[in-house]
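K.L.:
I'll drop the sequence and a predicted model, then ask my questions.
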Amino acid sequence: LSIHYGELISKQFFDNLAIEINETLQETGLLPLTQLSREVSLPVSTLAKELVPRVGDLIIGTYDKKTDTLFTTAFVDRQAAKLRGACSAATRPVHLGKIMEVHGITASLGHGCVKDMISSGRLRGQLQGHSTNPVFIPSLYTSAQNQWADSFYKQNGYITFEMMQNKGIDNPHSAIARFVDSVSLSSGCVSEGGIAGVQSIVEEAVATDTYIELIDWMFDWCNEADE
């Protein structure tokens, strides 16, 4: 026997309760302990303490501690399938919270499912932002961004942070690290070949003891800090 808020309750009571819960759970797919608490007049904390150890034995399913909710494996798989379909179809960043709202998926369950699918490779992409409403960024979108940046830099010999931010690249300073032949400036980066002409003019001015207005020879996208 155990005492819960002044009442003596036997182990058999909770075993029988777990069996009844399992029958309901298999029909509904999910069962919040808050709902069960009202039905049996026991607090959620007591139910969690007594029923969670019975999950996997008398109760066939999983338990979400954040929401105090029981789920069947089939229910979780169905929600994961919905999330996988929606995220796989995304071609640009999407708020995971919006997808879960449309499909009626709880935040903690949905967030955990997406993280697991990304880790296992079943879903290609990454999560960014706060865990309460993260943004899913599909690999297709990231790949398209990188291809655009590579193409622009190759054709023009420079790229600016502002351009990359306008294209949705969140961390442009890290993005330019792969341009190994580039020179970093405060507003972006330029290829070594792109500044060869400016360097020769500077060297000539130094050699002849003259001077030049460097800003006149800089690219139009540069700022004074780039000098």
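P.N.:
Thanks, I have it. Numbering: from 1, shown residues only.

K.L.:
Got the phi and psi for Ile137?
P.N.:
With angles defined as degrees, to the nearest 10, Ile137 shows backbone torsions of phi -110, psi 110.

K.L.:
which regions of this structure sit below the pLDDT cut-off?
P.N.:
Judged by pLDDT under 70, the chain has its weakly predicted residues at 4-5, 131-132, 197, 214-220, 223-227.

K.L.:
Show me the strands in it, by range?
P.N.:
Listed in chain order, the strands of the chain (DSSP state E) span residues 2-4, 7-9, 30-32, 62-64, 69-71, 94-95, 125-128, 135-138, 158-160, 182-184, 188-191.

K.L.:
wait, which of those is closest to Gly112?
P.N.:
Proximity to Gly112 (CB to CB) singles out strand 62-64 among the strands of the chain, at 8.1 Å. (Glycine included, C-beta is placed from N, CA and C.)

K.L.:
Show me what the closest one is packed up against.
P.N.:
Contacts of strand 62-64 with other secondary structure elements, assessed using 3 or more CB pairs under 8 Å, 6 or more residues apart in numbering; DSSP states H and E, are made with strand 69-71.

K.L.:
Tell me the strands beside the strand it packs on, with direction?
P.N.:
For strand 69-71, the pairing partners within the sheet under DSSP bridges are strand 30-32 (antiparallel), strand 62-64 (antiparallel).

K.L.:
can you redo those strands as CSV with distance to Ile19 and mean neighbour count?
P.N.:
Rendered in CSV, the data for the strands paired with strand 69-71 read as follows (distance: least, CB to CB, whole Å; neighbours: other CB atoms under 10 Å):
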stretch, distance to Ile19, mean neighbour count
strand 30-32, 13, 18
strand 62-64, 16, 17
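
K.L.:
could those strands go into CSV alongside distance to Leu42?
P.N.:
Shown next, in CSV, are the strands paired with strand 69-71 (distance: least, CB to CB, whole Å):
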stretch, distance to Leu42
strand 30-32, 14
strand 62-64, 16
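
K.L.:
Including distance to Ser108, could the strands of the chain go into JSON lines?
P.N.:
Shown next, in JSON lines, are the strands of the chain (distance: least, CB to CB, whole Å):
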{"stretch": "strand 2-4", "distance to Ser108": "27"}
{"stretch": "strand 7-9", "distance to Ser108": "29"}
{"stretch": "strand 30-32", "distance to Ser108": "12"}
{"stretch": "strand 62-64", "distance to Ser108": "6"}
{"stretch": "strand 69-71", "distance to Ser108": "8"}
{"stretch": "strand 94-95", "distance to Ser108": "16"}
{"stretch": "strand 125-128", "distance to Ser108": "14"}
{"stretch": "strand 135-138", "distance to Ser108": "16"}
{"stretch": "strand 158-160", "distance to Ser108": "40"}
{"stretch": "strand 182-184", "distance to Ser108": "42"}
{"stretch": "strand 188-191", "distance to Ser108": "41"}
